[in-house]
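1. could you look at this predicted model? Sequence included:
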Amino acid sequence: MPNTWTTPKRLRHVAGGSAGNLVEWYDWYVYSAFSLYFAPVFFPKGDTTAQLLNTAAIFAVGFVMRPIGAWLMGVYSDRHGRKAGLTLSVTLMCGGSLIIAATPGHAEIGNWAPAILLIARMLQGFSVGGEYGASATYLSEIAGRRRRGFYSSFQYVTLIAGQLLALATLLGLQAGLSDTELESWGWRIPFALGAALALLVFWLRRGLAETESFENLQQGETPNSGAWILVTGYPRQALLVMALTAGGTLAFYAYTTYMQKFLVNTSGFDRRLATQLSAAALFLYMLLQPAAGALSDRIGRKPLMVGFGILGVLFTYPIFSRLEHAVSPLAAFLLMFAALTIVSGYTAINAVVKAELFPAHIRTLGVALPYSLANTLFGGTAEYIALWFKSTGRENGFYWYVTAMIGISLMVYVRMRDTRRHSLIVED
């Protein structure tokens with residue numbers, strides 16, 4: 001990618017990379033959005049909380065595959081190109097969605113049903129593990145130095161858009177189908193749609209340009225990417241990625257994927273209203289990401305992350321406590337949006353911060369693997385831990401848990417250097 005690229009041409013490739021990211025995350029979040037409907041199909045025994053615990057457990061197992069996908073596909077992208085990694089990840093996601101769409105329920109095939117669901121979710125987890133590192137690296141490298149925070153923020157714009165598309169699909173099906181139809185067969189539609197969209201993205205990604213950072217690697221003598229090289233050559237950076245991710249990813253999943261269930265299972269809102277409130281808050285949250293990314297290009301990455309850490313520590317418990325007893329839909333919406341505004345200080349810039357920590361030959365793996373490990377430990381288990389606290393009658397324990405993890409990440413934000421001023425992305 002030459003430095004002579006015009007802004008419109010750069011934007012076209014940012015949009016092309018982002019479109020694939022949107023479909024990847026739509027496929028990932030459809031599982032969470034529709035779990036209220038398909039949980040009884042795969043886990044017919046027990047009350048609503050027990051069924052959701054089972055589906056949340058499989059959601060968490062999908063996260064266990066993410067470090068494996070991050071490792072293998074991170075190495076693949078560092079050796080064969082960011083474009084190659086992006087194309088492979090969306091192919092795997094297509095397969096996982098298609099399997100879920102076609103799997104019979106427990107009534108037809110017994111325990112094979114949750115077993116196949118588990119396998120499909122593991123395949124999707126492998127795919128997303130590779131997608132994060134490849135897309136974060138691609139967007140950060142293809143952006144110019146002066147607007148790198150702005151352009152890279154579109155990773156979370158499309159990630160959130162994927163959630164919104166999943167919720168919009170749910171709202172559309174809720175409007176057109178009865179609850180009985182949704183629970184019987186309607187929940188399969190979004191998974192089939194996701195598989196079809198992934199095939200379209202496969203075609204789009206084949207037309208992307210490779211980044212200048214990777215092209216320069218092809219011309220020089222550089223070490224190969226690999227987990228051993230990452231651990232022995234860049235241990236501080238890898239640990240830093242895990243530490244700065246822990247609080248941010250836990251807050252993100254607490255305020256997004258779990259929040260819909262929280263509104264139903266704790267606040268007492270019906271499923272349709274909870275979906276509408278979540279969609280409205282996520283839409284505004286999505287619009288915040290480029291603004292926060294652009295702000296980081298002016299004042300640096302560190303102030304935004306420190307701001308998230310301080311506000312998250314101060315307001316996480318009060319926000320959840322108020323939501324627990326919220327009666328007014330407007331009050332619930334405002335509380336959700338307040339939480340999402342706070343976490344924007346992490347989500348808008350976390351991709352570029354990680355990419356700026358590593359040299360090109362190890363960048364995709366360096367971004368993907370430590371992030372995926374932290375995401376597995378803290379993001380993937382968020383719903384399960386929250387529901388476990390609720391099942392024991394100590395739901396506010398989850399609020400303190402989120403607060404504590406944000407506090408730990410805050411200590412890292414305060415001590416780390418600002419990557420905008422010390423970036424290892426040297427092109428442009």
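-> All right, it came through fine.

2. helix, strand or coil for the residue nearest to G309 when sequence neighbours are not counted?
-> The spatial neighbour of G309 that comes closest, neighbours along the chain excluded (CB to CB, 6 or more residues apart in numbering), is L410 at 2.9 Å. C-beta: built from backbone N, CA, C; applies to glycine. State at L410, reduced to three classes by DSSP: H, G, I helix; E, B strand; the rest coil: helix.

3. and L410, how far from P370?
-> Distance of L410 to P370, given as CB to CB, to the nearest Å: 18 Å.

4. among those two, which residue is more densely surrounded?
-> Between L410 and P370, counting by other CB atoms under 10 Å, P370 is the more crowded of the two (26 against 21).

5. related to what we said a few turns ago, tell me who's in contact with the residue nearest to G309.
-> When contacts are counted by CB atoms under 8 Å, 6 or more residues apart in numbering, L410 touches 247, 306, 309-310, 312-313.

6. check F269 too.
-> Neighbour list for F269: 263, 277, 329, 332 [criterion: CB under 8 Å, 6+ apart].

7. what are the boundaries of the helices in the stretch 1-150 of the chain?
-> All helices of the stretch 1-150 of the chain, identified by DSSP state H, counting those that start in this stretch, fall at 7-42, 48-80, 82-102, 106-109, 112-142, 148-152.

8. now the first one against helix 112-142, angle please.
-> Relative orientation of helix 7-42 and helix 112-142, computed by axes from the mean of the first three to the mean of the last three CA atoms, to 10 degrees: 170 degrees.

9. would you indicate which residues of helix 7-42 are buried?
-> 10, 13-14, 16-42 (16 or more other CB atoms under 10 Å).

10. before we move on, what about stretch 182-192?
-> Neighbour counts over stretch 182-192 (16+ other CB under 10 Å) mark 182-184, 186-191 as buried.

11. so which of those are in strands?
-> Taking DSSP state E, every one of the buried residues of stretch 182-192 sits outside strands.

12. any chance of those in a markdown table, with pLDDT and distance to T158 too?
-> Below are the buried residues of stretch 182-192 laid out as a markdown table (pLDDT from 0 to 100; distance: CB to CB, whole Å):
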| residue | pLDDT | distance to T158 |
| --- | --- | --- |
| L182 | 89 | 26 |
| E183 | 85 | 30 |
| S184 | 86 | 32 |
| G186 | 91 | 26 |
| W187 | 89 | 24 |
| R188 | 93 | 24 |
| I189 | 94 | 22 |
| P190 | 92 | 17 |
| F191 | 92 | 19 |
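
13. going by distance to G176, which of those wins?
-> G186 (8.4 Å; CB to CB).

14. from L323, how far out is Y384?
-> For Y384, the distance to L323 (CB to CB) stands at 19 Å.

15. check A348 too.
-> Going from A348 to L323 by CB to CB gives 23 Å.

16. low-confidence stretches in the chain?
-> Counting by pLDDT under 70, the chain contains low-confidence ranges at 1-9, 45-52, 218-223, 426-428.

17. just give me the neighbour total for G125.
-> 29.

18. pretty sure it is touching A70, no?
-> No - G125 is beyond contact range of A70, at 10.0 Å (criterion: CB atoms under 8 Å).

19. next, show the common contact partners of these two.
-> Common contact partners of G125 and A70 (CB under 8 Å, 6+ apart): none.

20. ok, so of the buried residues of stretch 182-192, who is nearest G130?
-> Using CB to CB, those come closest to G130 at F191, 20.1 Å.

21. got the buried residues of stretch 182-192 as a markdown table, with distance to I229 columns?
-> Below are those laid out as a markdown table (distance: CB to CB, whole Å):
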| residue | distance to I229 |
| --- | --- |
| L182 | 48 |
| E183 | 49 |
| S184 | 51 |
| G186 | 48 |
| W187 | 43 |
| R188 | 43 |
| I189 | 44 |
| P190 | 40 |
| F191 | 38 |
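
22. among those, which lie within helices?
-> Applying DSSP state H to those, the entries found in helices are 188-191.

23. may I see the buried residues of the helix or strand hosting Y253?
-> In this assignment (DSSP states H and E), Y253 forms part of helix 235-255. Using 16+ other CB under 10 Å as the burial criterion, the residues of helix 235-255 that qualify are 237-238, 240-255.

24. could you identify the helix or strand that succeeds that helix?
-> helix 257-262.

25. can you list contacts of that following helix?
-> So helix 257-262 is in contact with 29, 32-33, 35-36, 52, 163, 167, 274-275, 278, 323, 336, 382-383, 386-387, going by CB under 8 Å, 6+ apart.

26. same thing with stretch 142-151?
-> Applying CB under 8 Å, 6+ apart, the external contacts of stretch 142-151 come out as 1, 10, 13-14, 17, 139-140, 152, 209, 211, 290, 293-297, 301, 348-349, 352, 356, 420, 423, 425, 428.
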